[in-house]
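J.: Build me a model:
(one chain, ligands or ions: 3)
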Amino acid sequence: MNPHDETEIGPLLSSIGRLADFKSLDEAELPALAEEIRGFLVDAVARTGGHIGPNLGVVELTMAIHRVFDSPHDQVVFDTGHQSYVHKALTGRAGQFTGLRSRGGLTGYPSQAESPHDLVENSHASTALSYADGLAKAHALSGSDRHVVALVGDGALTGGMCWEALNNIAAREDLKLVIVVNDNGRSYAPTVGGFAKRLSALRLNPGYEPALRRIQEVVERIPVFGRAAYAGLHAAKTGIKDALAPQGMFSDLGIKYLGPVDGHNLTELTVALERAKGFGGPVIVHALTEKGRGWAPARADEAEQMHSPPAFDPITGEPTGSSKRRWTGVFADELVAQANLRPEVVAITAAMPGPTGVDKLMKRHPERVFDVGIAEQHAVTSAAGLAMNGMHPVVAVYSTFMNRAFDQTVLDVAMHRLPVTFVLDRAGITGPDGPSHYGIWDTSIFRVVPGLRIAAPRDAASLREEFAEALSVDDGPTMVRFPTGAVPEADIPAVDVHEGLDVLVKHEDDELLLVSCGAFAGIAVEAAALLAEQGIRATVVDPRWISPVPGALVKLAGQYPLVATIEDGIRTGGFGDALAQALRDAASDTGVEIPLVDFAVERGWHRHGTRDQLLADLGLTPQAIAERLTAEVHRRGEDDGHHHH
Ligand SMILES: Cc1ncc(C[n+]2csc(CCOP(=O)(O)OP(=O)(O)O)c2C)c(N)n1
Ligand SMILES: CC(=O)[C@@H](O)[C@H](O)COP(=O)(O)O
Ligand SMILES: [Mg+2]
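T.: Ligands and ions are numbered 1, 2, ... in the order given. Just a heads-up that it's a prediction; the model follows:
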């Protein structure tokens, strides 16, 4: 593939400027369109990276949904939304995929700003059925005939919210709600848990399936029979299935169940969805699909079926980007090293063994790693149970997904002072995955948890050290946060240690204290160098443990005319807020108010782009910080000048 040429868009796909164009295509053209979409997706996502596996698995499913239902009159909700690229192509956005997941381009998830067909923008899993419950209740209240369709993956179904929603949905006969279960047997890795086994039992049900499929193949080959006969056969087949299918967990819930249907067979899907629509009440259509369908490299990827790879070669699937040492890799190795030293260490992942790096320990000590499915709340309280019985659980989860488990952290873990260590990967601004993936809340949210201590390493060496320190804390929870991407090539050395604070840059008769949190140390050191060029002497310290604010830091900061903090998280309630508060408390004795400039994530976090672009937007660069502080020092100088007159 020549990197300069545009993504190939076939004739049928090019003819779709809006959803109506797709809906008016002749049915006989749909298989050709499906093929065009697959080629288009591989070519487009190869350039940008993204969810190629999930989207190749929902080509027919998305087409059938948009043939049977009438968006946006009928509302389509995608759980997690990572599998909405086909939906975007069918709603006239194929020509915009060159900018997928990049600033100003298409987001990787539904976006209301992009289309009236897009509803839910949040990329957190297991929310679709709750949205659908509410959406459908509103239609029932207004007596409208609008349908709601929720596309939910088998992985998302391992999330508790889905079962809270199903419990409510099962109580209502009048909700025009079709739940399409996209069952490909996987999250990243094979989907875990008892429900997943039940689902696969339905999927792999031996019995009559092969015989019926053979009849179906005969029918399809004899043109004279046509669809009527096929539909008749299908109804019989489904009828037989309804009769013979083992009472799946859904029908036990009292929700009508159709399936399992072949999620790549447009005819079968269309018949099932028509029937489901006709019910006029809640119904589940259980579709069997293959993640990465139709493209060999995705099917060959045993680990994750190319769930969400960075840019790759469209022929071989091999990654095309640089493979620098990532924070995750450093953590993965240290987890194994520490687990070898500490038999009490176990690890928990919420369906993301690969992306969080715990897969490395899983290979070495499978019995000490628990994949609990997409169930972060359960992960935390299960960790509390493990800790109550003498284990030291390491809960490895993306920062953004940790938001969900605040209550479990504060009351199930911290209130019982249990030794659980939370390792938050992707903390801070991540970038291409957009705002609902930014790990910018954790410091503000978890700083308020009594007894919980937060470390923010600045490089590989400090990640290893601070993680080991966290594992040594046995009277309460600890949290270690680090960003997406590559660790600093070289570790950032401390030129001095001042009462537990790592001093990274030291100036005699300095006039400014720069406190950097975690991975922003590099930015702070560079900013100090730029300030020095302006004749401004700034000392840079890294507190390592950022919450509670170290007493030594409050004392040190109290000796400066100006303090600045830099953190990869929202300003409100963050580290800077905490230090400012501590300085105010200290000042109540000394009466000296220390001005603090807090460089944090505030405006503009709602956009998507690369991490560097967004940090620049947010003024979190050495240049912007140096500029702002130079102005601040000069302004204060003038004020002092005025003051002396
Ligand atoms: C709360 C939450 N935890 C973790 C994730 C990360 N994540 C994104 S997609 C995915 C797997 C989804 O599996 P499934 O629902 O089966 O959809 P599929 O990719 O198989 O189509 C996970 C774990 C998330 N988006 N939200
Ligand atoms: C949809 C989802 O939540 C994940 O698949 C996410 O897109 C992966 O993010 P990373 O690329 O940071 O692993
Ligand atoms: Mg799945």
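
J.: quick one, phi psi at the nearest residue to L452 once chain neighbours are set aside?
T.: Leaving out its chain neighbours, the residue that sits closest to L452 by Cβ to Cβ, 6 or more residues apart in numbering is P477, at 4.7 Å. The C-beta positions use only the backbone N, C-alpha and C, and glycine is treated the same way. P477 adopts backbone torsions of phi -80, psi 150, taken as degrees, to the nearest 10.

J.: Distance check, P477 against ligand 1.
T.: Separation of P477 from ligand 1 (Cβ to the nearest ligand atom, to the nearest Å) stands at 20 Å.

J.: same question, N122
T.: Separation of N122 from ligand 1 (Cβ to the nearest ligand atom) stands at 9 Å.

J.: Verify the stated contact: L629 with A524.
T.: No - taking contacts as Cβ atoms under 8 Å, L629 lies outside contact range of A524: 10.7 Å.

J.: Quick check: neighbours shared by the two?
T.: Common neighbours of L629 and A524, counting by Cβ atoms under 8 Å, 6 or more residues apart in numbering, are L514.

J.: Please identify which of these two sits among more neighbours.
T.: A524 (27 against 23; other Cβ atoms under 10 Å).

J.: And the residue of the stretch 401-550 of the chain closest to ligand 2?
T.: Residue nearest to ligand 2 within the stretch 401-550 of the chain: D433 (4.7 Å; Cβ to the nearest ligand atom).

J.: The residue nearest to A557 when sequence neighbours are not counted and R101: what is the separation?
T.: Take A557 and drop its neighbours on the chain: the residue closest to it by Cβ to Cβ, 6+ apart is V563, 4.7 Å away. To R101, V563 is 37 Å away according to Cβ to Cβ, to the nearest Å.

J.: Assign a three-state SS to the residue of the stretch 1-150 of the chain found nearest ligand 3, would you?
T.: Scanning the stretch 1-150 of the chain for proximity to ligand 3 using Cβ to the ion identifies P54 as nearest, at 7.3 Å. Counting by DSSP: H, G, I helix; E, B strand; the rest coil, the backbone at P54 sits in helix.

J.: Could you pull up the residues touching it?
T.: Neighbour list for P54: H82, Q83, G153, K291, H307, S308 [criterion: Cβ under 8 Å, 6+ apart].

J.: I'd say the last one and Y85 touch.
T.: The one in question is S308. No - at 11.8 Å, S308 and Y85 do not qualify as touching, with contact defined as Cβ under 8 Å.

J.: Which residues are in contact with each of the two?
T.: Here S308 and Y85 have G50, H51 as joint contacts, going by Cβ under 8 Å, 6+ apart.

J.: Counting neighbours, go ahead and name the busier of the two.
T.: Between S308 and Y85, counting by other Cβ under 10 Å, Y85 is the more crowded of the two (30 against 19).

J.: count of neighbours near the residue lying closest to the more buried one once chain neighbours are set aside?
T.: Nearest-residue entry for Y85: N55, 4.2 Å, with adjacent residues in sequence omitted and distances by Cβ to Cβ, 6+ apart. Using other Cβ under 10 Å as the criterion, N55 is surrounded by 29 other residues.

J.: mind listing what N55 touches?
T.: Applying Cβ under 8 Å, 6+ apart to N55 gives the contacts L41, V45, H82, Q83, S84, Y85, V86.

J.: Could you list the low-confidence segments of this protein?
T.: Across the chain, the ranges flagged by pLDDT under 70 are 1-5, 202-249, 641-645.

J.: again, only using 50
T.: Segments of the chain classed as low confidence (criterion: pLDDT under 50) are 1, 206-208, 210-211, 224-225, 227, 242-247, 643-645.
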